[in-house]
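Chemist: Here you go, sequence then predicted model.
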Amino acid sequence: MADEGGSGEKSQAPTAHRLRKAREEGNIAQSREFVLLISLGAFILVFMATAGNSAKDFTAAVQRIIIHFGEVSDDSSSIYNFGWQIAKCGLNLGLPLMAAGASTTLVFGLLQTGFLFRPEALTPDLKRLSPMKGIKRTFSVNNLVELLKGLVKIAIFGCILYGVALETIRISPESERWSSLHLASELEHWFIYSTLLVLGIQCIIALADDLWTRYHRMSKLKMSFQDIKDEVKQTDGDPYVKSRMRQIRTRRSRRRMMKAVKESTVVVVNPTHYAVALLYSKTSGGAPQIVAKGMDDLAARIRETAGEAKVPVVSNPPLARSLYKLPLDTEIPEEFWKPVAAIIAYVVKLKTPKRMHKP
């Protein structure tokens, strides 16, 4: 009774079939925080590699623009060219950073999903427009965790920005005496410092989010005993599963036959098509038994295995064809005793060492 009562409790780990089906439906463990961490790391690396020269070029370009600002005519063409020069300065500084962030987001997003592409995900799903389902999604455990995570990030990053702002206010009186290059260098220093601090905190958040995402997904995919039974019934009729099971059974059967060939007494063959391995034991008192048989490629494999194990191979095409039609692991019928006995006697004679005769 206890088993029946608990059959609906989803306490069992998901099966391989359930995990594969969930992946096909787009249900995968994907941490957005981890992707954000990688993108932020790439951003700071590119910034540290290019910011020095880019900042100098940007500062010099801005100085030239300011110096020549009064020379700009009030016609639309001159204003457009002046605006384009300003825009180019900003693009030269920000384009490598944006490219690094966008490319790493795309690449690591694909790596997390295992390059999963589902065109059906682009089609609208009317079921998602249900108000009740929308309310359930809003107050789901996952959304509450996302909300809590967002509040924690805002609080932590807000404290970091507040500290940077206080330090900026503290040194602002001194900055009046700095050159433009010195000011750009100080801004670069503070930007790198604050970004590295954010990166370290984001690393902890990403690790926690990745663990939670995997745990939450596996919890949602857990199955009850009844689910597992139903899945077994469904997959038994799946042609793919049936084909896989047949392949596994065939491989196991062949391995078992090859082992039996090595222990057999003789292999009767039709040189090109059939091969049947027979085992005869004097102590058992029974008729020879068919322990392995095959046709074409499998027959060639049986002959090869027999040769490696030094098992005699005897060519008798009519007998080989007749024995091949008999069931495996059975004793040969009485009608084949005489020809098989003659072959076994010949094999025994071959194995018997010749006596040395005195002159």
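Modeler: That came through, no problem. Note that the structure is a prediction, hence the values are computed from the model and not measured.

Chemist: quick one, helices of this protein?
Modeler: Using DSSP state H, the helices of the chain run over residues 2-5, 16-24, 32-67, 76-113, 131-138, 141-175, 180-220, 225-236, 239-262, 297-308, 317-324, 337-351.

Chemist: Of all the ones you listed, which one is nearest residue 274?
Modeler: helix 317-324 (4.3 Å; C-beta to C-beta). Backbone N, C-alpha and C define where each C-beta goes, glycine included.

Chemist: and that closest one, which residues are buried?
Modeler: 319-320, 322-324 (16 or more other C-beta atoms under 10 Å).

Chemist: which phi and psi does residue 29 have?
Modeler: Backbone dihedrals for residue 29, given as degrees, to the nearest 10, come out at phi -80, psi 100.

Chemist: er, residue 263 I mean
Modeler: Dihedral pair for residue 263: phi -100, psi 0, per degrees, to the nearest 10.

Chemist: ok, now how distant is it from residue 105?
Modeler: Distance, residue 263 to residue 105, by C-beta to C-beta, to the nearest Å: 62 Å.

Chemist: Of those two, give the one with the bigger neighbour count.
Modeler: Each of residue 263 and residue 105 has its neighbours counted (other C-beta atoms under 10 Å); residue 105 has more, 17 against 12.

Chemist: What sits closest to the more buried one if chain neighbours are left out?
Modeler: residue 39 (4.8 Å; C-beta to C-beta, 6 or more residues apart in numbering).

Chemist: Can you report how many residues lie near the one you found?
Modeler: Taking other C-beta under 10 Å as the criterion, the count of residues near residue 39 is 21.

Chemist: if I look at it, how far off is residue 201?
Modeler: From residue 39 over to residue 201 (counting by C-beta to C-beta), the distance is 15 Å.

Chemist: hmm, back to that, in JSON lines: the helices of the chain, plus distance to residue 268 and mean pLDDT.
Modeler: Shown next, in JSON lines, are the helices of the chain (distance: least, C-beta to C-beta, whole Å; pLDDT from 0 to 100):
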{"stretch": "helix 2-5", "distance to residue 268": "54", "mean pLDDT": "43"}
{"stretch": "helix 16-24", "distance to residue 268": "43", "mean pLDDT": "77"}
{"stretch": "helix 32-67", "distance to residue 268": "64", "mean pLDDT": "74"}
{"stretch": "helix 76-113", "distance to residue 268": "57", "mean pLDDT": "73"}
{"stretch": "helix 131-138", "distance to residue 268": "70", "mean pLDDT": "61"}
{"stretch": "helix 141-175", "distance to residue 268": "67", "mean pLDDT": "80"}
{"stretch": "helix 180-220", "distance to residue 268": "56", "mean pLDDT": "81"}
{"stretch": "helix 225-236", "distance to residue 268": "38", "mean pLDDT": "75"}
{"stretch": "helix 239-262", "distance to residue 268": "12", "mean pLDDT": "82"}
{"stretch": "helix 297-308", "distance to residue 268": "10", "mean pLDDT": "90"}
{"stretch": "helix 317-324", "distance to residue 268": "5", "mean pLDDT": "90"}
{"stretch": "helix 337-351", "distance to residue 268": "7", "mean pLDDT": "85"}
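
Chemist: Indicate which one of those is closest to residue 279.
Modeler: helix 239-262 (7.2 Å).

Chemist: hmm, back to that, list just the one of the helices of the chain that sits closest to residue 282.
Modeler: helix 337-351 (9.7 Å).

Chemist: buried residues in that closest one?
Modeler: Quick answer for helix 337-351 (16+ other C-beta under 10 Å): 339-340, 343-344, 347.

Chemist: which ones are touching residue 322?
Modeler: Counting by C-beta atoms under 8 Å, 6 or more residues apart in numbering, residue 322 makes contact with residue 336.

Chemist: Noted, bye for now.
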